[in-house]
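> structure of the sequence below:
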Amino acid sequence: MRRFLPLFTSTAALALILPQAACAQMQGPALGLTQQSVAGAYQAPNSIQPETTLSISAQSTVKREPDIAYINAGVQADGDTATEAMESQAESMNGVFDALEKAGVVEKDMQTSNFSLWPRYTYIETKLKDGSSRGEQKLVGYTASNQLTIKVRDLDNLGSTLDSLVKAGGNTFNGLNFALDDDTGVRDEARRKA
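Modelled structure (predicted):
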């Protein structure tokens, strides 16, 4: 089953008032880009805006099947010390890199998107003789996390790439997004149609 997703929507508006100045704004969600172009009037300080305005707007959507996927995943590891947690995470992450390369993902398509290290605590509650209780936090170790953004160019092997990632020690998964590797032609087509 083929998936076609809207990859580009173009909206153009044109206002003809006095000498024109152009203003453009681009936004880019995961599978779509919006191009808005608004031509407005330059307004000198304390000038009066004329009441006559001609506005024209158009919109178009172009759909294409995505040709790449982005996986956001990584490794999280615990240790008694910060060093232990980071070393454990690094060992697992090296296995993940090797597995992804064997699955056909090139090194330039694997980028660290986040690295974190934080302490882990437990809460210990002590009952006092008067019946009340007192609690305190006790440090029990550290957690290290390394998150990757992985660009998968071979969508036919996306499932096996995910399997390789998990088998190699990847234990966090934060999402999967589909996109076009080069959306220039789609953007141009949407602008022409608008």
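> what's the average pLDDT for whichever helix or strand Asn146 is part of?
Assigned by DSSP states H and E, Asn146 belongs to strand 133-152. Mean per-residue pLDDT for strand 133-152: 95.
> which positions in it come out as buried?
Within strand 133-152, the residues scored as buried using 16 or more other Cβ atoms under 10 Å are 142-152. Quick note: C-beta positions are derived from backbone N, CA and C, even for glycine.
> and it, what does it pack against?
strand 68-79, helix 82-102, strand 110-127, helix 158-167, strand 172-179 (3 or more Cβ pairs under 8 Å, 6 or more residues apart in numbering; DSSP states H and E).
> right, so these: which one is the most enclosed?
strand 68-79 (a mean of 19; mean count of other Cβ atoms under 10 Å).
> and that one, average pLDDT?
Here strand 68-79 scores 97 as its mean pLDDT.
> returning to what we had before: and of the buried residues of strand 133-152, the nearest to Lys129?
Tyr142 (35.0 Å; Cβ to Cβ).
> what residues are up against that closest one?
Taking Cβ atoms under 8 Å, 6 or more residues apart in numbering, we find Tyr142 in contact with 78-82, 84-85, 117-120.
> tell me which two of the buried residues of strand 133-152 sit farthest apart.
Longest span within those, Cβ to Cβ: Tyr142 and Val152, 31.4 Å.
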